[in-house]
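Undergrad: below are the sequence and a predicted model; questions follow.
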Amino acid sequence: MMEGRCGYLSNLALLAGEGLLPLAIAKALSSRGVAPTVIALGKVNPLLEDFADRILEIPQISITKILGLIERAGCRRLVLAGSVPKRLIFGGAGMDRETLEWVLSLPSRDDHALLGAIVRFFESRGLEVVSYRSLIPGNIAEEGKIAGREPSEAEWEDIRYGIGIAREVVRLSFGQALAVKAGSVVAVEAMEGTDEMIGRAGRIGPGGIVVKMMRSDQDERFDLPTVGPQTLECMAASGMTSLAVEAGRTVVLDRESFESLAEAHSISVTGFLP
């Protein structure tokens, strides 16, 4: 199923948001002999040029124009990866009127509902949305120690408490992470993202742990939680000491740098089963 341009992954477009995830996927596709057509939303990672057949930039989000670019490129399969800043959606200026009206017409616009609606739109036009998790198996979080040191007993207590709270929070679809300190929830992620949430928690007081997971029915083809070096840098700046992520359902980006930073900042990173 993975035999290069003439196989399953041929004629593939990568709809790339911001962050390191699109680059990891483009590298993985390139290693299989597939140079994807990259349709870039937001800032383009210059390193993508080394692994893409071509890069098509979208200065303003237009779901119709994106579909047109995919079809003109002859692509029948699509990978969605990377973050799209919510200011582009809720600020209004980042998308054209047609797309904004379509978004506002949706009965629910939380992350889960919005991403699902986008995927259904592309599928209704005959595109197949391809899961990226099988492309990057080395980036999927394992159970147990992932990087850094082992959590202390006090950190484990906060991790276990945080997991219980996170199970309830994630099903509401407004965030995937929370910060806990001494048995209290200090901050909960909303649309600002994990890094900004960590910063808020640090302004309340240094210390504590971060738990990140996904809702049980979340579509794993395109919406796995992601952590990377920047996550650890934000935690170090906020004095946070431990990160716990859902094993098998979290992407760890740039693992070499990630592991080095965990050691340097003495941050424990652990994978748990829900």
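TA: Done, it's in.
Undergrad: which strand or helix spans the closest residue in space to residue 237 that isn't next to it in sequence?
TA: Of all residues not flanking residue 237 in the chain, residue 202 sits nearest, at 6.6 Å (Cβ to Cβ, 6 or more residues apart in numbering). Glycine gets a C-beta too; all of them are placed from N, C-alpha and C. Using DSSP states H and E, residue 202 falls within helix 194-204.
Undergrad: how about residue 69?
TA: With DSSP H and E as the test, residue 69 turns up in helix 63-72.
Undergrad: what are the buried residues along that helix?
TA: Neighbour-count burial for helix 63-72, counted by 16 or more other Cβ atoms under 10 Å, picks out 63, 65-67, 69-70.
Undergrad: residues touching that helix, excluding its own?
TA: 13, 15, 37, 39, 56, 58, 78, 96, 98-99, 102, 118, 121-122, 125, 127 (Cβ atoms under 8 Å, 6 or more residues apart in numbering).
Undergrad: which of the residues you listed fall in strands?
TA: Mapping those onto strands (DSSP state E) picks out 13, 15, 37, 39, 56, 58, 78.
Undergrad: can you redo the buried residues of helix 63-72 as JSON lines with distance to residue 163 and pLDDT?
TA: Shown next, in JSON lines, are these (distance: Cβ to Cβ, whole Å; pLDDT from 0 to 100):
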{"residue": "63", "distance to residue 163": "36", "pLDDT": "89"}
{"residue": "65", "distance to residue 163": "42", "pLDDT": "91"}
{"residue": "66", "distance to residue 163": "37", "pLDDT": "92"}
{"residue": "67", "distance to residue 163": "39", "pLDDT": "92"}
{"residue": "69", "distance to residue 163": "41", "pLDDT": "92"}
{"residue": "70", "distance to residue 163": "39", "pLDDT": "92"}
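Undergrad: make CSV out of the residues you listed and add distance to residue 209.
TA: Below are those laid out as CSV (distance: Cβ to Cβ, whole Å):
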residue, distance to residue 209
63, 38
65, 43
66, 38
67, 42
69, 42
70, 41
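Undergrad: from those, pick the one nearest residue 180.
TA: residue 63 (37.8 Å; Cβ to Cβ).
Undergrad: ranges for the helices of this structure?
TA: With helices called from DSSP state H, the chain shows them at 21-31, 63-72, 86-90, 97-105, 111-124, 153-170, 194-204, 229-237, 255-265.
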